[in-house]
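Student: give me the fold of what follows.
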Amino acid sequence: MMTFRPICLAVVLLLAFLAPARAQDALAPVLDKILDAPGLKGGVTGAIVCRVDTGQVLYAHDADTRLIPASNRKLFTSAAALEVLGDGFQIHTRVLADAKPDAVGTVHGSLYLHGGGDGLLSPDDLDALARTLAQMGIKRVEGNVVGDGGLFTDGPYGFGWEWDDFSDEEFPQISALEVNEGVLGVHVAPGKSAGDPVIVTLTPPTDYLPVSAAATTGAKDAPNDCTVSRPWDKNYFRVTGTLPLGAVLDQ
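Tutor: Residues are numbered from 1 along each chain as shown. The predicted model follows:
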């Protein structure tokens, strides 16, 4: 995946307070030096700096070159969120119920965990939430605990994501109820002897995503071609290939 990062943002911000002519003269040598760095040789770069108030172009370097914005797009999303919601805004995960608990603390029905889009919700947070409910007097739930992540309706994948990247941890499915940043750790260990099935464990443990483990244990000198993938259109992990004795795979 190609990633582009903002270049010398601090310099640009400082120079933005200078008069237009001075800023234009000062920007060129600074940014030219950055873009001519040896580490960028062989890459494709493009940059443009404009005044916000007038639109005057203060610096341009291959500004018409079409580049993938990648994670730079998050800067605009973050700025818009801060402007509209403010820096004190909090995302809430709510617990709803079919009915209030009775006198002995029994909920006659189900509990619903209604996600608000908290990308940092963790298993520890869920444990704390359960303790809070217990402290409120809820001792028994006759129904189910239902997770509701339907606040976001655009589907589980971002627009423009490439299907062959969906197994990577940078591409978790999008949900309004997302735990552990939407990522599961997959640990694959060899069996006791060559020819045995591999041993697969998930972190945190869950039955939500089943594992199809077709991989086998190989001899110590066998090639290690064990891989973990998630089909783009199905919700399970697939472990294939050969894992030599003494090797492990963490993904």
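Student: off-centre distance for the top helix by length along the chain?
Tutor: The residue-count maximum for a helix in the chain (DSSP state H) belongs to helix 20-35. Distance of helix 20-35 from its chain centroid, counting by Cα atoms, centre = their mean, to the nearest Å, is 35 Å.
Student: that helix packs against which elements?
Tutor: If you count contacts as 3 or more Cβ pairs under 8 Å, 6 or more residues apart in numbering; DSSP states H and E, helix 20-35 packs onto helix 9-15, strand 47-50, strand 57-61. Just so you know, the C-beta spots here come from the backbone N, C-alpha and C atoms, and that holds for glycine as well.
Student: tell me what angle that helix forms with strand 57-61.
Tutor: Comparing the axes of helix 20-35 and strand 57-61 via axes from the mean of the first three to the mean of the last three Cα atoms, to 10 degrees yields an angle of 20 degrees.
Student: mind saving the C-alpha coords of helix 20-35 as CSV?
Tutor: Output of helix 20-35 as CSV, limited to C-alpha atoms (Å, rounded to 0.1, in the frame of the first residue of the first chain):
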residue,chain,number,x,y,z
PRO,A,20,3.2,36.8,0.8
ALA,A,21,6.4,37.8,-1.0
ARG,A,22,8.6,36.9,1.9
ALA,A,23,6.8,33.6,2.4
GLN,A,24,7.1,32.7,-1.3
ASP,A,25,10.8,33.4,-1.3
ALA,A,26,11.4,31.5,1.9
LEU,A,27,9.4,28.4,1.0
ALA,A,28,11.1,27.5,-2.2
PRO,A,29,14.6,26.7,-0.9
VAL,A,30,13.3,24.9,2.2
LEU,A,31,10.8,22.6,0.4
ASP,A,32,13.1,22.1,-2.6
LYS,A,33,15.7,20.7,-0.3
ILE,A,34,13.2,18.4,1.4
LEU,A,35,11.9,17.1,-1.9
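Student: please identify the buried residues of that helix?
Tutor: Applying a neighbour-count criterion of 16 or more other Cβ atoms under 10 Å, one finds 23-24, 26-27, 31, 35 buried in helix 20-35.
Student: contacts for stretch 241-251, please.
Tutor: With Cβ atoms under 8 Å, 6 or more residues apart in numbering as the test, stretch 241-251 has contacts from 169, 185-190, 193-194, 198, 215-228.
Student: can you rerun that using 7 Å?
Tutor: The contact list for stretch 241-251 (Cβ atoms under 7 Å, 6 or more residues apart in numbering) reads 185-190, 194, 198, 215-220, 222-228.
Student: hmm, which of the residues you listed are the buried ones?
Tutor: Looks like those have 186, 188, 190, 198, 215-218, 222, 226, 228 buried, using 16+ other Cβ under 10 Å.
Student: farthest pair in those residues?
Tutor: The span of the buried ones among the contacts of stretch 241-251, defined through Cβ to Cβ, is set by V186 and A222 at 20.4 Å.
Student: list the buried residues in stretch 226-244.
Tutor: Burial within stretch 226-244, assessed by neighbour count using 16+ other Cβ under 10 Å, is assigned to 226, 228-230, 237-239, 241-244.
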